[in-house]
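In: need coordinates for the below:
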Amino acid sequence: MAAIPGGADHAHDHAHDQPSGIMRWVTTTNHKDIGSMYLWFSFAMFIVGGIMALVIRAELFEPGLQVVDPDRFNQMTTLHGLIMVFGAIMPAFVGFANWMIPLMIGASDMAFARMNNWSFWLLPPAAILLSTSLLVPGGAAASGWTLYPPLTVQMGMGMDMAIFAVHILGISSIMGSINIVTTILNMRAPGMTLMKMPLFCWTWLITAYLVIAVMPVLAGAVTMILTDRHFGTSFFNAAGGGDPVLYQHIFWFFGHPEVYIIAIPAFGVVSQVIPAFSRKPLFGYASMVYATSSIAILSFIVWAHHMYTVGMPVAGQLYFMFATMLIAIPTGVKVFNWVATMWRGSLTFETPMLFSIGFLFLFTLGGFSGLVLSMTAVDVQLHDTYYVVAHFHYVMVAGALFSAYAGAYYWLPKWTGHMYDEKLGKLHFWLSIVFFNMTFFVQHFLGLAGMPRRIPDYALQFAEFNKISSIGAFGFGISQLVFLVVALKCIRGGAKASAKPWDGAEGLEWTVPSPAPHHTFETPPVIK
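Out: Below is the predicted model of the structure:
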């Protein structure tokens, strides 16, 4: 603990001032408490967004209109996306950052403890605004999570609630990021240089800069929609001289870095877990730092690959195509380094390692389908089909969510002092990976066959794959409750965690080097 001014007596006086019960959580400035609140909040929103996804998949189980009317279907699509991105995945990784960064760099807490509290407590009102926009007349914005005009200019009050919610969520993200940057740059323990930090801290430093750079862009875009709606401006209204495509440019200048705001902390978590269960230091630490930084920089100059179909000049299409393909290089470096870390390590396959390896396989697959979509001629055919849906769920669910689970299982013993139930953890992993692939793999085929996304009804030829996808989705949704059971069991008790819980089943220290290679190549081999 940091020294308290006034010594022990002063500390004793303060002990009586500490609120208890619910006020402890409302007023806390402790980074661990706030990290825990972020994690619980994100799981709650994950359940809410997941229920909306299941409504969508129930409707798509067979052709025709069964469960919800088309308007409600579109509202579910919009809110599922917004809630999963801003309510579930981002807060989960901010929760990890709050819990772990001070511990990893030897800081007493986050730099701005009260701002930390505030950045969390902005989230629940924003989540309530977003979720209850379903209930107002006219319902939520039925425009998809991208909030494209002219759809968003004509909608009811639910749209205003969504815009307000996005503003509040953005403020929360920016404050959290300023806090993370300041903490990492100013509060490292003596001797902890930037290039000695755990990679998780590096990924969050880079992510926080991305958030600070692009969240105001999103705020600007939705503010322009607001003024188009209520104050007679025509930013995006063609009748008044505006241009709806302008909105797409502004939105995707935020939207593409946003993908990496979600993915880069996931890279950080996996870069902590894989070395631990390989019992080797991370291969190529410096190259990982540079690769992550270059991914972040490149993410700013590829936004219009989401917009190949808007009538861009061919030179623009070519530029965005090549710039997008360039991102594959630093990403390939990272995948190579993770595989090289495992190479000849003393591997054990506890739940965090399983989720990390699941991440590695499926995120790479999602990256390959992204490379397919980067090609203009191909993307023009596949744009707005289920191929795109499959692609980004492989990156978001198998990428971000699986790595979040890896981090949760990896750090649960540290957070709770108890070991989680390994059998249940493995059950959760296998159910998740089987049902995930069942849900989303077949969507590649639907997209290649031409099924458009965001539609409640479809032609008979798509029926079988949709049936498989919907069954997989319900299996995936229900199997996430296993994690809830694991987490609650772990918090309430269980086997006591040792000081180093991940010494492995064989009692190995992860710092033990891997077996010596046959040959070091420092001296010429002696040929007998």
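
In: count of residues packed around the closest residue in space to residue 155 that isn't next to it in sequence?
Out: In this structure, residue 155 finds its nearest non-sequential neighbour in residue 141, 5.4 Å apart by Cβ to Cβ, 6 or more residues apart in numbering. Placement of C-beta: from N, CA and C, glycine included. Residues lying near residue 141 (other Cβ atoms under 10 Å) number 26.

In: so residue 141: helix, strand or coil?
Out: Following DSSP: H, G, I helix; E, B strand; the rest coil, we place residue 141 in the coil state.

In: may I ask you to name the longest helix in the protein?
Out: Longest helix in the chain, counting residues (DSSP state H): helix 244-278.

In: any stretches of the stretch 401-528 of the chain with poor pLDDT?
Out: For the stretch 401-528 of the chain, the stretches with pLDDT under 70 are 503-528.

In: could you list the buried residues of the helix or strand just after the longest helix of the chain?
Out: Later in the chain than helix 244-278, the nearest helix or strand by DSSP states H and E is helix 285-298. Buried residues in helix 285-298, counting neighbours by 16 or more other Cβ atoms under 10 Å, are found at 285, 288, 289, 291, 292, 293, 294, 295, 296, 298.

In: helix or strand right after helix 285-298?
Out: Per DSSP H and E, the first helix or strand lying C-terminal to helix 285-298 is helix 314-326.

In: give me the angle between the helix or strand just after that next one and helix 244-278.
Out: Remark: after helix 314-326, the chain's next helix or strand is helix 328-342, criterion DSSP H and E. Helix 328-342 runs at 10 degrees relative to helix 244-278, counting by axes from the mean of the first three to the mean of the last three Cα atoms, to 10 degrees.

In: shouldn't residue 251 be in contact with residue 224?
Out: No. Residue 251 is beyond contact range of residue 224, at 10.3 Å (criterion: Cβ atoms under 8 Å).

In: just want to know which of these two has more residues nearby.
Out: Legend: neighbour count by other Cβ under 10 Å for residue 251 and residue 224, higher for residue 251 (24 against 19).

In: where in the protein is pLDDT low?
Out: For the chain, the stretches flagged by pLDDT under 70 are 1-17, 503-528.

In: burial measure for residue 323, as a count.
Out: Neighbours of residue 323 under the rule other Cβ under 10 Å: 17.

In: any figure for the gap between the residue nearest to it when sequence neighbours are not counted and residue 113?
Out: Distances taken as Cβ to Cβ, 6+ apart place residue 302 nearest to residue 323, at 4.8 Å, with adjacent residues excluded. Distance, residue 302 to residue 113, by Cβ to Cβ, to the nearest Å: 37 Å.

In: among these two, which residue is more densely surrounded?
Out: Each of residue 302 and residue 113 has its neighbours counted (other Cβ under 10 Å); residue 302 has more, 22 against 15.

In: tell me the contacts of residue 274?
Out: Residue 274 sits next to 282, 338, 341, 342, 353, 356 when contact means Cβ atoms under 8 Å, 6 or more residues apart in numbering.

In: equivalent analysis for residue 161, please.
Out: Going by Cβ under 8 Å, 6+ apart, residue 161 touches 129, 130, 132, 133, 136, 140.

In: what angle do the helix or strand where it lies and helix 244-278 make?
Out: Residue 161 is part of helix 157-186, with elements assigned from DSSP H and E. Angle, helix 157-186 to helix 244-278, by the same axes, to 10 degrees: 50 degrees.

In: before we move on, the earlier item: ok, which pair from the contacts of residue 161 is furthest apart?
Out: Across the contacts of residue 161, no pair lies farther apart than 130 and 136, at 11.8 Å, counting by Cβ to Cβ.

In: for residue 136, grab phi and psi.
Out: In terms of degrees, to the nearest 10, the main-chain angles of residue 136 are phi -80, psi 160.

In: quick one, what contacts it?
Out: Neighbour list for residue 136: 156, 157, 158, 161 [criterion: Cβ under 8 Å, 6+ apart].

In: which residues does stretch 168-188 contact?
Out: By Cβ under 8 Å, 6+ apart, the surrounding residues in contact with stretch 168-188 are 86-87, 90, 94, 97-98, 101-102, 105-108, 110-112, 115-116, 118-120, 122-123, 125-126, 129, 194, 197, 201, 204-205, 207-209, 211-212, 215-216, 218-219.

In: can you check stretch 464-482 too?
Out: 46-47, 50-51, 53-54, 57-58, 60-62, 424, 427-428, 431-432, 434-440, 442-443, 445-446, 458.
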